[in-house]
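Undergrad: Provided below for reference: sequence and predicted model.
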Amino acid sequence: MRAIRVGLGKRSYSVRILRTEVGRLARAIRRSFPDRRCAFITDRTVYRLYGESVEAALRECDIEAQFLVLPPGERSKSPKTLERVWTWLLAHSFTRGSTLVVALGGGVIGDLAGFAASTYMRGVPYVQVPTTLLSQVDSSVGGKTAINLSGAKNVVGRFHQPQLVYASLPTLKTLSMREYRNGMAEVVKHGVIGDSGILDILATQRRAVLAREPSVLESLVAESCIVKRDVVQRDELESGERQILNFGHTFGHAIEAASKQKVRHGEAVALGMVAACIVSEHLGYCDSSAREQLTDVMRGLGMKTDLEPWWTASMVDWMVKDKKAHTDSVNFIVLKRIGTVGIHRLSFETLRRLTELSTKN
C-alpha cells in the first residue's frame, strides 16, 4: 500500500493506494469510522461489479450500510439526481451525527456524492472510493464537488474534503481501453505541469502501462496524487496556483460541451493540452518541441491528438460559459516547458484570433 497524506490542518486525510480488492474497504471503515452508518452512493455498472462483495465485507465487519444505485453517466450529475440523493438520505434517517457518505464509483459519482455530503444537514463526512483511473488520479483528491447545470460542467459545487480516499488498483482491470486512456490523460497532465518523471515512465514503460501492470500503475497513481496534493496544499480553494491543474481544461471543457459529452473528459483534456501548447507557442512561452514531446507520449498510448474539427472560433463561445471565465477573458494555463506551466489572463477576442492560425509547426 502507498499512503499519501494531504495536509490541510483539521481537514487533512490520507490517500491509500492498494493492490487489494475494494471489499477490504470495510475494514478501513470499521477502524476509522466505528460509530458511523454508511450511505453508499454508486451507479449500476459499479454495483454490478462490486456491490455483492462490498456488501458481504460490510456485513462481516458488522457495519450498517444502505446503498443508493444510480444510472451511470454524466447525466446523473444534475439537480434532479442531487435532490434524489438528499431525499433518500432523509428517508433512511441519516443524521448529521451518524452519517458517513461513501462515494463508490468514478468521477461522476464522486462529484455528486461529495456535493450531497457537503450540503446535507449543512455537511456530513464522506469517503471517496474511486474505481476509475480518472477518479483515482484526479477527481477524488482535492475536495472539489459539483453538479452540472444546463449543459455547463461543474458550475454548482463546493469545496468539501473527504475523510479518506481509498483507491483499489484491481478496479482498473475492469475498465475498457477507452476508459483507461480517458484517465491516462490526467496522468499525462500531471507529468506536464509538475513531474516530468511521469512522462518518462509513460514513454519508456509503455507496454507495462498499457498492460496495466500493478507496480507501474501504483507508481503512476501515486505520483499523480502527489502532484495534485502538493498544489492543493498550497492553494486549497483555487484562489491562485491551483488553477494550474486546469491545464488543457479550457479547450477540453469546451470540446466536451460542444460534443454533448460524446468526447469524454480525458479525451477532451488530451486535445485541450495540445491546444494549450499551440496557444503557448503563439504567445511566445515555449517552442514546438514541448508539444512534440507531449504528443509523442499521448500517441504512444493510443490517444487522439488531432484538433480537427475543434480548433475553431466556435469553441470560444463554449468557454464563455465556463465557471472559470471572467466577463471577457479567462485565466489560461500556458506551457513554459515540460514540468512548468503558468497562468496567463487571455481575452476571448485573442483566443478567437488564435484559432484562425494554423495548428501546424
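TA: Perfect, I can see it now.
Undergrad: residues in contact with stretch 44-60?
TA: Stretch 44-60 is contacted from outside by 21-27, 29, 38, 40, 42, 65, 67, 69-72, 104-106, 109, 131, 171, 174, using C-beta atoms under 8 Å, 6 or more residues apart in numbering. Backbone N, C-alpha and C define where each C-beta goes, glycine included.
Undergrad: which members of those residues are positioned in strands?
TA: Among the contacts of stretch 44-60, the ones falling in strands (DSSP state E) are 38, 40, 42, 65, 67, 69, 70, 104, 105.
Undergrad: check contacts around the one residue sitting closest to the centre of the chain.
TA: With distances taken as C-alpha atoms, centre = their mean, residue 139 lies nearest the centre of the chain, 2.8 Å away. Neighbour list for residue 139: 106, 107, 110, 111, 130 [criterion: C-beta under 8 Å, 6+ apart].
Undergrad: if I look at it, how far off is residue 352?
TA: 30 Å (C-beta to C-beta, to the nearest Å).
Undergrad: what of residue 152?
TA: From residue 152 to residue 352 the distance is 20 Å (C-beta to C-beta).
Undergrad: same deal with residue 41?
TA: Shown here: residue 41 relative to residue 352, a distance of 41 Å by C-beta to C-beta.
Undergrad: now the helices for the stretch 101-250 of the chain?
TA: Here the stretch 101-250 of the chain has its helices, by DSSP state H, counting those that start in this stretch, at 107-119, 133-134, 177-193, 196-204, 206-210, 214-234, 249-258.
Undergrad: circling back to that earlier point, quick one: which of the ones in strands among the contacts of stretch 44-60 is most hemmed in?
TA: Ranked by neighbour count (other C-beta atoms under 10 Å), the ones in strands among the contacts of stretch 44-60 have residue 105 at the top, with 31 neighbours.
Undergrad: partners of that residue in the sheet?
TA: In this entry, residue 105 is beta-bridged to residue 130, by DSSP bridges.
Undergrad: give me every residue that touches it.
TA: Applying C-beta under 8 Å, 6+ apart, we find residue 105 in contact with 41, 42, 43, 46, 113, 129, 130, 131, 132, 135.
Undergrad: the third one against residue 69, yeah?
TA: So the one you mean is residue 43. Yes: under the criterion of C-beta atoms under 8 Å, residue 43 makes contact with residue 69 at 6.7 Å.
Undergrad: for residue 262, give its distance to residue 298.
TA: 19 Å.
Undergrad: ok, now residue 237?
TA: For residue 237, the distance to residue 298 - C-beta to C-beta - is 31 Å.
Undergrad: which one's more surrounded, these two?
TA: The residue with more neighbours, out of residue 237 and residue 298, is residue 298; 22 against 10, by other C-beta under 10 Å.
Undergrad: in which helix or strand does the more buried one reside?
TA: In the assignment (DSSP states H and E), residue 298 maps to helix 288-300.
Undergrad: contact partners of that helix?
TA: With contact meaning C-beta under 8 Å, 6+ apart, helix 288-300 is reached by 185, 188, 191-192, 199, 202-203, 206, 270, 273-274, 277-278, 280-281, 305, 335, 337-338, 361.
Undergrad: drop anything exposed from these.
TA: Buried members of the contacts of helix 288-300, counted by 16 or more other C-beta atoms under 10 Å: 185, 188, 191-192, 199, 202, 270, 273-274, 277-278, 280-281, 305, 335, 338.
Undergrad: break this protein into its domains for me.
TA: Residue ranges of the domains in the chain are recorded as 2-171, 177-354, according to automatic domain parsing.
Undergrad: and these as TSV, adding mean pLDDT?
TA: Listed next are the domains of the chain as TSV, based on pLDDT from 0 to 100:
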stretch	mean pLDDT
domain 2-171	97
domain 177-354	95
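Undergrad: what is the burial count for residue 269?
TA: Residue 269 sits with 29 neighbouring residues when counted by other C-beta under 10 Å.
Undergrad: secondary structure class of it, three-state.
TA: helix (DSSP: H, G, I helix; E, B strand; the rest coil).
Undergrad: which residue packs closest to it, ignoring adjacent ones?
TA: Spatial nearest neighbour of residue 269, chain neighbours left out: residue 252 (4.1 Å); criterion: C-beta to C-beta, 6 or more residues apart in numbering.
Undergrad: right, and that neighbour touches residue 258 too?
TA: No: Residue 252 lies out of contact with residue 258 (C-beta under 8 Å); the separation is 10.8 Å.
Undergrad: these two: who's more crowded?
TA: Legend: neighbour count by other C-beta under 10 Å for residue 252 and residue 258, higher for residue 252 (27 against 19).
Undergrad: any idea how far that one is from residue 37?
TA: From residue 252 to residue 37 the distance is 38 Å (C-beta to C-beta).
Undergrad: cool, and residue 66?
TA: Per C-beta to C-beta, residue 66 is found 8 Å from residue 37.
Undergrad: find residues that contact each of the two.
TA: Overlap of the contact sets of residue 66 and residue 37 (by C-beta under 8 Å, 6+ apart) consists of residue 94.
Undergrad: returning to that earlier point: return the most buried member of the helices of the stretch 101-250 of the chain.
TA: Of all the helices of the stretch 101-250 of the chain, helix 133-134 has the most neighbours on average by mean count of other C-beta atoms under 10 Å, namely a mean of 28.
Undergrad: how far does that helix sit from the chain's center?
TA: 7 Å (C-alpha atoms, centre = their mean, to the nearest Å).
Undergrad: by contact count, what packs against that helix?
TA: The contact analysis (3 or more C-beta pairs under 8 Å, 6 or more residues apart in numbering; DSSP states H and E) places helix 133-134 against helix 177-193.
Undergrad: also compute the angle for the helix it packs on relative to helix 249-258, please.
TA: Helix 177-193 and helix 249-258 are oriented at 160 degrees to each other (axes from the mean of the first three to the mean of the last three C-alpha atoms, to 10 degrees).
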